[in-house]
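**Student:** no FASTA, just this:
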């Protein structure tokens, strides 16, 4: 048993010493190869340049999230204010979470649309109730109290 153990130790040391010069030479060869490499340039070969801006100098205008207004129900909103700009009226409403939304005549909601906007009130036309279409459309009027103006 001792002879076998001694043989394995001697064999391991011999393998280590014989591989040591190769280990020392390896990294030096790799580092010298790194310095001798050619400089490479990008050739698109018909493909678009991945470093070129996709916008191309155009500005992005942020739009409200698609479907944000279509998820609001007429019964759940409250009229916050009405603003007149360039002879057009825009209503400011707040949903159940209290976030303000700007609506104009014709904008769609989950269960209807904005029929008209006057200086003190907004008229909504309700076409469905909880996803079920109504036989007759119903007009819902939301007003701003004169004291609050």
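**Tutor:** Okay, I see it. Model, not experiment: these values are computed from the prediction.
**Student:** what's the strand or helix carrying residue 139 packed up against?
**Tutor:** Using DSSP states H and E, residue 139 sits in strand 132-143. Applying 3 or more Cβ pairs under 8 Å, 6 or more residues apart in numbering; DSSP states H and E, one finds that strand 132-143 makes contact with strand 78-85, strand 112-117, strand 121-129. In short, each C-beta sits where N, CA and C put it, glycine included.
**Student:** got the angle for the second one vs strand 78-85?
**Tutor:** Following axes from the mean of the first three to the mean of the last three Cα atoms, to 10 degrees, one obtains 50 degrees for the angle between strand 112-117 and strand 78-85.
**Student:** can you give me the buried ones in strand 112-117?
**Tutor:** 112-115, 117 (16 or more other Cβ atoms under 10 Å).
**Student:** tell me which strands and helices that strand is in contact with?
**Tutor:** Using 3+ Cβ pairs under 8 Å, 6+ apart: strand 112-117 touches strand 88-94, strand 121-129, strand 132-143.
**Student:** now those strands in JSON lines, with distance to residue 102 and mean pLDDT?
**Tutor:** Putting these into JSON lines (distance: least, Cβ to Cβ, whole Å; pLDDT from 0 to 100) gives the following:
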{"stretch": "strand 88-94", "distance to residue 102": "5", "mean pLDDT": "93"}
{"stretch": "strand 121-129", "distance to residue 102": "12", "mean pLDDT": "93"}
{"stretch": "strand 132-143", "distance to residue 102": "15", "mean pLDDT": "91"}
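**Student:** which residues touch residue 5?
**Tutor:** For residue 5, no contacting residues are found, by Cβ atoms under 8 Å, 6 or more residues apart in numbering.
**Student:** quick one on the thing from earlier: may I see the helices and strands packed on strand 132-143 arranged in JSON lines, with distance to residue 105 as well?
**Tutor:** Converted to JSON lines, the helices and strands packed on strand 132-143 look like this (distance: least, Cβ to Cβ, whole Å):
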{"stretch": "strand 78-85", "distance to residue 105": "12"}
{"stretch": "strand 112-117", "distance to residue 105": "5"}
{"stretch": "strand 121-129", "distance to residue 105": "9"}
